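Asker: next comes the sequence, and after it the predicted model I'd like to discuss.
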There are 2 protein chains.
Amino acid sequence: MTTPRERVDVLIASWLDQRHADRIAAAEPDRVNVMYEPDILPTTRYEADHHGPHRPITDAQRAHWASLLARAEISFDFDWEKPKEMLQRAPNLRWVQSSSSGIGPMLDNIGVAASNLVVTNAAGIHANPLAEFAITAALYFTKEIPRLNAEKAKKAWNRYCGYEIAGTRMIVVGLGGVGRRVAEIASAMGIEVVGLRRSGDAPPGVTRMIDSDGLDAELPNADFVVMIAPDTPLTRNMLDRRRLALLPPRAVIVNIGRGSTIDETAMTEMLADGRLRGAGLDVFAKEPLPETSPLWDLPNVLIVPHSASTVHQENDRLVDLFIENLHRYLDKRPMVNVFDRERKY
Amino acid sequence: MTTPRERVDVLIASWLDQRHADRIAAAEPDRVNVMYEPDILPTTRYEADHHGPHRPITDAQRAHWASLLARAEISFDFDWEKPKEMLQRAPNLRWVQSSSSGIGPMLDNIGVAASNLVVTNAAGIHANPLAEFAITAALYFTKEIPRLNAEKAKKAWNRYCGYEIAGTRMIVVGLGGVGRRVAEIASAMGIEVVGLRRSGDAPPGVTRMIDSDGLDAELPNADFVVMIAPDTPLTRNMLDRRRLALLPPRAVIVNIGRGSTIDETAMTEMLADGRLRGAGLDVFAKEPLPETSPLWDLPNVLIVPHSASTVHQENDRLVDLFIENLHRYLDKRPMVNVFDRERKY
């Protein structure tokens, strides 16, 4: 029998299916009190949306939300209403599980970075869907799908000699969960993978490791550059105009990390001029991508509205992660995916 | 020292780079006489084209071509001029290396099937590029690229929840070199591969084997059906209207074998009605695909003009194969890729 004790208040601050909230409660039936009020939370525009528009709620609901925040020791996601005041509004808060992976700038922005709040991110959850998008983009350009679709529109049957992705070389910038999964799939397809990260051995699928000092020497031989870097002072503008110019015209850029890591203006010019073969972009310097961006009009650009990470299985996996960390938190064991304030990811 | 002996006359009957002809001669400097007259051969419309339009040639050139045929004991590809008369025009011919893989109906058509001429096909040469196309098509529809491109044309930024290819199920019909390579890549991506062939164990990447009697039971659970079957009496119309109707609406069909294996009319209707998610087609019932075909107008169809197998590395690999078989032929060892007259591939 468990000894009776005070239950820990767990707030769910972004929308989930009721079954997920029930799963969390069922995972710790004796130790937590799950506070889930879906009628107050922002709406979801699509499954696994954690940042939808706010609902019109009553003053009473607003006050109720404040009271839940005031009680919470643990929160799944940040305060949707006034994130910059979360530390003040939730004085008992000890730990937040974010539904996002790259949260460094956001934590700076809402004033949490400098606090002692424990934050865990969603790194790993999005690894496979993002890796699949990177491979999709690489194949999309290698197999000349834009040209084939233009031929199709003309009902033109012109046989041709095409390209193979086996035997090409891919630089993967960032070897967290996403980069490692890209490397696994790419190497199975016969692509030579060069991995860039600050330290560590080559994970499976990576032929060779470089650090950022070695990047300039690799770029001229790259068929693909897959950027999976978080937005940190070290990665900002990493693929600047000078480095972009080192790439051969056959190179394809895939960005599934953060838009700030590439000089988007320089890249756009090069894509328009045929100095780069193509780009598959899930992230942009400014999001939503402004209607005035010339990227929309380039046939050799594949645009995803920052959704490549989001798949129907996402909330299942996020809640699995949250439950694992919940057990660890309550048992006072180290949690997984703890945000590193020094490295900012 | 080799004993002097009569050299074997080797005719090259489709266009190759001179360096390939030189490689063949250099591989057997003492035993063969390579006859290569590129000015007589049909032109190439693209690299590795083996069936281009005939050149306007003089009567003298025509007579010279006939004299080369009359001498040839070995030929790389069939007589481009009068293939149906090749056996008569080349009475010394013992072996033809084809540059194609699926040649059963063609051999019937030119009257070679019933002869005792040894024919070797190009099976395996096209395995990797075709497998890459199958994976490209599977990802193209899974990642909703047609919808994303429609959104891009409207400059619309609508975040969404998408699909993962990991965890899906793919039926691969035909487990020769192409099918086995599809299975390897697909399984590395977390796809469950069900393989269909007449006999044999599951090759790497294939979870489960079925025979054609088991196909009906599998179709309702398939996310992808990849057809890599040659055109034989057993495979013709294998995916007929009844079987297509067993597929779920989420299913994607990829055909990289022969158009005759699918009821194209039924498939087209289902694609237009949303009873199938999409199709990636390299082969068609009639080729070139007629301008009147409704397939051209369907947004959920990816059309390749029977070129998915053709990549810039093709002739290197074909000539490697030919040289390997040339050594074997001269040494009276069994050749590889010998056309099986019973199975017709």
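Answerer: Good, I have the coordinates.
Asker: for A:S75, what are phi and psi?
Answerer: The phi/psi pair for A:S75 (degrees, to the nearest 10) reads phi -130, psi 140.
Asker: tell me what it is bridged to.
Answerer: For A:S75, the residues forming beta bridges with it (DSSP bridges) are A:L11, A:V96.
Asker: if I look at it, how far off is chain B?
Answerer: Between A:S75 and chain B the distance, using CB to the nearest CB, to the nearest Å, works out to 23 Å. Yep, even glycine has a C-beta here, placed from its N, CA and C like the rest.
Asker: what sits against the residue of the stretch 51-200 of chain A found nearest chain B?
Answerer: Chain B sits closest to A:A188 of the stretch 51-200 of chain A, with a gap of 3.4 Å, by CB to the nearest CB. Each residue near A:A188 by CB atoms under 8 Å, 6 or more residues apart in numbering or on different chains is listed here: A:G205, B:E184, B:I185, B:A188, B:M189.
Asker: with adjacent residues omitted, what lies nearest to the second one?
Answerer: By that I understand B:E184. Leaving aside its sequence neighbours, B:E184 sits nearest to B:G205 (CB to CB, 6 or more residues apart in numbering or on different chains; 4.4 Å).
Asker: I'd say that neighbour and B:V172 touch.
Answerer: No. Here B:G205 does not reach B:V172: they are 9.1 Å apart, not a contact under CB atoms under 8 Å.
Asker: joint contacts of the two?
Answerer: Between them, B:G205 and B:V172 share the contacting residues B:A183, B:A186, B:V193, judged by CB under 8 Å, 6+ apart.
Asker: need the buried ones from the contacts of A:A188 selected in PyMOL.
Answerer: Buried members of the contacts of A:A188 can be picked out in PyMOL with the line below, counting by 16 or more other CB atoms under 10 Å in any protein chain shown:
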select buried, (chain A and resi 205) or (chain B and resi 184+185+188+189)
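Asker: re earlier: sec struct for the residue nearest to B:E184, please.
Answerer: coil (DSSP: H, G, I helix; E, B strand; the rest coil).
Asker: mind checking how far it is from A:V193?
Answerer: 20 Å (CB to CB, to the nearest Å).
Asker: distance check, the spatially closest residue to A:L87 that is not a sequence neighbour against A:V96.
Answerer: With CB to CB, 6+ apart as the measure, A:S115 is the residue that lies nearest to A:L87, at 5.7 Å, once sequence neighbours are left out. Shown here: A:S115 relative to A:V96, a distance of 10 Å by CB to CB.
Asker: same question, A:R197
Answerer: Remark: distance between A:R197 and A:V96 (CB to CB) = 26 Å.
Asker: quick one, which of the two is more surrounded?
Answerer: Per other CB atoms under 10 Å in any protein chain shown, whichever of A:R197 and A:V96 has more neighbours is A:V96, with 25 against 21.
Asker: what sits against that one?
Answerer: Applying CB under 8 Å, 6+ apart to A:V96 gives the contacts A:I74, A:S75, A:F76, A:D77, A:F78, A:V112, A:L117, A:V118, A:V119, A:T120.
Asker: can you list contacts of stretch A:63-80?
Answerer: Defining contact as CB under 8 Å, 6+ apart, one finds that stretch A:63-80 is touched by A:8-14, A:16, A:24, A:32, A:35, A:37, A:40-42, A:50-51, A:54, A:57, A:81, A:85-86, A:89-99, A:110, A:112, A:322, A:326, A:329.
Asker: so which of these belong to strands?
Answerer: Among those, the members found in strands (DSSP state E) are A:V8, A:D9, A:V10, A:L11, A:I12, A:V32, A:M35, A:W95, A:V96, A:Q97.
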